[in-house]
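Undergrad: pasted the sequence and its predicted model underneath.
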Amino acid sequence: MTLFGAHVGLQHTTADELRGVWRRIEDLGFGWISVWDHFYGATGKPDDAACLEAVAMHAALACSTTKVRCGSLVYSIGYRHPAVLAKAITAIDQLSGGRAEMGIGSGWAQVEYNAYGIAFPSAKVRLDQLEEGIQCLRGLLHEDVSDFDGDYFTLINARNEPRPIQTHLPIWVGGGGEKRTLKIAARYADGWNVPFISPDQFAHKNAVLNEHCANVGRDPKAIKRAINVGLAFSEESLQQQFGKISDFVRPGVLTGSDDKIIEAIGLYVEAGADQVNIALRAPFDLDALQRLSELLHLA
C-alpha cells in the first residue's frame, strides 16, 4: 500500500507557522512529514539565509504531531558528525514516541558550506564520507556497542544511550547518483528517496538500485522507495512555488486536472514508489494539499 506524505521546506517561514502546517497535514490523513537540512534557503542565492535549522525543527515536528512518521530528507553528512546526529535522532525518537526516521546524503548546497567555512570537498570525498557515516549511524542506532575505523569517522566502543524507542530506526539515503549513491543505499539503507524526477526516470533509477542490491546480495524489497514531487494544479502555482527552478523541477511536479494528477501518481507507483511525498515550501498552499487528500480519500 502506497504511503502519502509531505516534505516541508524550512525556508522563509516561522516555527509557529510550521507547527500549524504540520498539524493540518496530519489532519488531512497524510502518514509522513519530513524536513530538509539547509542553513540557507534552497534557492542557491548567497544572500538568502532565511532557513530554520533541521535538527531543531525535526524535534519540533515530533512534538507537534501524534500519528505521522517524522522524517528528514536528508541530513548532510558534512554538517554533523554521525555520532552527534545519532544522539539527536535518538532524542527525536523519544520525543515522538517511536515515530522518527532519518535520511542522510552527501550534501550539495555549496553556498552554505562557503558561507560558514565548512569544507566542501570533491563529490568522491563527500560520497566516501556518506558511506562511512551511514555505517556509523547504523551501528549507533541499531546496536548496543559500535566500533568503526574509517578515514573520516571513528567509533571506539561507542554507546548511544538511552536507546531509541524503535529497535530498528529506519535510515534513508537521498540522491539519484547511480554509481555511488544508489550503491550505498543498496548496501546500507532502509529507504531511498529522490526528488523531482519523472516516473520514467524513477523507474530507471529504481532498476539500477535493484541491480546494486543483487550485486551485494540484498533483497531489494528490504529498501523502501520514495519520490518527492511538487503539486501545482496550475502553471501559476508552479511558478509561485518554484520560480526560476520551475523548469528544472517540472518533470517531477503533479500538475493539471484531477485525473492527470491521479494518473501521474499511478505511474510513480507502477515505477516502484512505495511512498509519494508532496514537496511544500512557503507560501504553503494547504488548499491544494486538501484537494489532493480528498482525491486520494486520505482523511
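TA: Good, I have the coordinates. Residues are numbered from 1 along each chain as shown.
Undergrad: quick check, central residue of the chain?
TA: Per C-alpha atoms, centre = their mean, the C-alpha nearest to the average position across the chain is that of Leu73, at 1.6 Å.
Undergrad: my guess is Gly5 contacts Ser34. True?
TA: Yes. Using C-beta atoms under 8 Å, Gly5 is in contact with Ser34, at 6.7 Å. In this view, the C-beta of every residue, glycine as well, is placed from N, C-alpha and C.
Undergrad: hey, what's in contact with both of these two?
TA: Gly71, Asn277 (C-beta atoms under 8 Å, 6 or more residues apart in numbering).
Undergrad: of those two, which one has the most company?
TA: Neighbour totals were compared for Gly5 and Ser34, and Ser34 leads with 28 against 21 (other C-beta atoms under 10 Å).
Undergrad: what's the closest non-adjacent residue to the more buried one?
TA: Gly71 (3.6 Å; C-beta to C-beta, 6 or more residues apart in numbering).
Undergrad: that neighbour belongs to a helix?
TA: No. Read with DSSP: H, G, I helix; E, B strand; the rest coil, Gly71 is strand and lies in no helix.
Undergrad: tell me what the lowest-mean-pLDDT helix or strand in the chain is packed against?
TA: Lowest by mean pLDDT, DSSP states H and E among the helices and strands of the chain is helix 235-242, with a mean of 88. Counting contacts by 3 or more C-beta pairs under 8 Å, 6 or more residues apart in numbering; DSSP states H and E, helix 235-242 is packed against strand 224-232, helix 246-249, strand 253-255.
Undergrad: what's the angle from that helix to strand 224-232?
TA: 120 degrees (axes from the mean of the first three to the mean of the last three C-alpha atoms, to 10 degrees).
Undergrad: buried residues in helix 235-242, which are they?
TA: Buried residues in helix 235-242, counted by 16 or more other C-beta atoms under 10 Å: Ser237, Leu238, Gln241, Phe242.
Undergrad: and the helices and strands packed on helix 235-242, which one is worst for confidence?
TA: Among the helices and strands packed on helix 235-242, helix 246-249 carries the lowest mean pLDDT, a mean of 91.
Undergrad: which residue ranges of the stretch 51-200 of the chain form helices?
TA: 54-64, 82-96, 110-116, 123-142, 181-188, 199-216 (DSSP state H, counting those that start in this stretch).
Undergrad: can you give me the mean pLDDT across the fourth one?
TA: The pLDDT scores in helix 123-142 average 98.
Undergrad: may I have it as PDB, with CA atoms only?
TA: Taking C-alpha atoms only, helix 123-142 is exported to PDB below (Å, rounded to 0.1, in the frame of the first residue of the first chain):
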ATOM      1  CA  ALA A 123      32.000  14.600  -4.800                       C
ATOM      2  CA  LYS A 124      34.100  11.500  -4.300                       C
ATOM      3  CA  VAL A 125      35.200  12.500  -0.800                       C
ATOM      4  CA  ARG A 126      31.700  13.500   0.200                       C
ATOM      5  CA  LEU A 127      30.300  10.100  -1.000                       C
ATOM      6  CA  ASP A 128      33.100   8.400   0.900                       C
ATOM      7  CA  GLN A 129      32.100  10.300   4.000                       C
ATOM      8  CA  LEU A 130      28.500   9.300   3.300                       C
ATOM      9  CA  GLU A 131      29.400   5.600   3.100                       C
ATOM     10  CA  GLU A 132      31.400   5.800   6.300                       C
ATOM     11  CA  GLY A 133      28.800   7.900   8.100                       C
ATOM     12  CA  ILE A 134      25.800   5.600   7.400                       C
ATOM     13  CA  GLN A 135      27.700   2.700   8.800                       C
ATOM     14  CA  CYS A 136      28.400   4.700  12.000                       C
ATOM     15  CA  LEU A 137      24.700   5.600  12.100                       C
ATOM     16  CA  ARG A 138      23.600   2.000  11.700                       C
ATOM     17  CA  GLY A 139      25.800   0.900  14.500                       C
ATOM     18  CA  LEU A 140      24.800   3.600  16.900                       C
ATOM     19  CA  LEU A 141      21.100   3.400  16.200                       C
ATOM     20  CA  HIS A 142      20.800  -0.400  15.800                       C
END
